[in-house]
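Q: Just need the structure, nothing else, for what follows:
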Amino acid sequence: MIELRQICKSFGNLQVLRNVDLTVGQNEIVTIIGPSGAGKTTLLQIAGTLDRPDSGAVVYDGVEVSSLSDKKLSEFRNHHIGFIFQFHRLLPEFSALENVAMPAMIGGMSRSAAMKRASELLGMLGLGDRLRHRPGELSGGECQRTAIARALINEPRVLFADEPTGSLDSRNRDEIRDLIAKLSAELGQTFVIVTHDLGMNEIANRVITMADGQISNP
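A: Next up, the predicted model:
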């Protein structure tokens, strides 16, 4: 489904990625591990179209999206890709329901349909009684589940997650790992996850190790 071909990326004189090749199949959970500075997050951002490579190609279903205009790429990202970050990045002035519905409304869905879909997702993730709560009224685990619901709202082909359990205690880490495994099994959701949480590797179909801007295992 996703193919990265000979990806290179530098920031100034620092080469962060060196001719990286990676494929991700439908319904896979792929974790990317490695030391700090290995290039994991940069690779995730390029695969998720948040950044462009200096050279190489990012291909989705045979289409090279890295060559699209900024506008077309933004539209593609909104409809096909979801993101989960270490810190939930929920907007504090809006309720959980409004936070989740927002990407759908940005994508052109009506407010009523977006709110209905957001309510269904939050209910599925065990937050049906927290719809009207703002982020400051939710626990860390509840905020991260809300962020996952937001990432799912547009039914993306793939979810990219950057340290999704990094800011959570052990109980909430276990809950989020179990939730990711459930979404993969029940919805066929594809995940690409950068993590230092070794427990996340237990639910992965493949574990990719990076070092010095390159993938060091097949």
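Q: can you give me the helices for this structure?
A: In the chain, the helices defined using DSSP state H lie at 40-47, 70-80, 96-106, 111-124, 140-152, 170-187.
Q: Let me have those helices in TSV, adding mean neighbour count, mean pLDDT and distance to Val58 as columns.
A: C-beta: built from backbone N, CA, C; applies to glycine. Conversion of these to TSV gives the following (neighbours: other Cβ atoms under 10 Å; pLDDT from 0 to 100; distance: least, Cβ to Cβ, whole Å):
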stretch	mean neighbour count	mean pLDDT	distance to Val58
helix 40-47	23	93	6
helix 70-80	14	87	10
helix 96-106	22	93	21
helix 111-124	18	94	27
helix 140-152	23	90	19
helix 170-187	16	88	22
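Q: Just want the most central residue of this protein.
A: In the chain, the C-alpha nearest the mean C-alpha coordinate belongs to Phe160, at 2.1 Å (Cα atoms, centre = their mean).
Q: contacting residues around the closest residue to Ile33 other than its chain neighbours?
A: Once flanking residues are discounted, Ile33 sits nearest to Thr209: 5.6 Å by Cβ to Cβ, 6 or more residues apart in numbering. Applying Cβ atoms under 8 Å, 6 or more residues apart in numbering to Thr209 gives the contacts Ile32, Ile33, Gly34, Ile215, Ser216, Asn217.
Q: Buried subset of the residues you listed as a PyMOL selection?
A: Burial among the contacts of Thr209 is assessed by 16 or more other Cβ atoms under 10 Å; the matching PyMOL selection reads:
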select buried, resi 32+33+34+215
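Q: List just the nearest of the contacts of Thr209 to Arg89.
A: Using Cβ to Cβ, Ile32 comes nearest to Arg89 of the contacts of Thr209, at 20.2 Å.
Q: quick one on the thing from earlier: let me have the contacts of Thr209 in CSV, extended by distance to Gly108.
A: Formatted as CSV, the contacts of Thr209 follow (distance: Cβ to Cβ, whole Å):
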residue, distance to Gly108
Ile32, 32
Ile33, 37
Gly34, 38
Ile215, 37
Ser216, 42
Asn217, 41
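Q: Among the contacts of Thr209, which has the minimum pLDDT value?
A: Lowest pLDDT among the contacts of Thr209: Asn217, with 72.
Q: Could you double-check that that residue sits in contact with Ile208?
A: Yes - the pair Asn217 / Ile208 is scored as a contact, 6.7 Å apart, by Cβ atoms under 8 Å.
Q: joint contacts of the two?
A: Counting by Cβ under 8 Å, 6+ apart, nothing touches both Asn217 and Ile208.
Q: ok, back up a step: what is the nearest of the contacts of Thr209 to Lys182?
A: Set against Lys182, the nearest of those by Cβ to Cβ is Ile32 (21.1 Å).
Q: Look up how far Ala211 lies from the closest one.
A: Ile32 is 11 Å from Ala211, where distance means Cβ to Cβ, to the nearest Å.
Q: and what of Thr49?
A: 24 Å.
Q: Next: Gly123.
A: Relative to Ala211, Gly123 is positioned 42 Å away (Cβ to Cβ).
Q: Equivalent analysis for Leu90, please.
A: Applying Cβ to Cβ, the value for Leu90 to Ala211 is 33 Å.
Q: coming back round to it: give the contact list for the residue nearest to the residue nearest to the centre of the chain when sequence neighbours are not counted.
A: Spatial nearest neighbour of Phe160, excluding adjacent residues (Cβ to Cβ, 6+ apart): Gly48 at 4.2 Å. Gly48 is in contact with Arg77, Ile81, Phe83, Phe160, Val192, counting by Cβ under 8 Å, 6+ apart.
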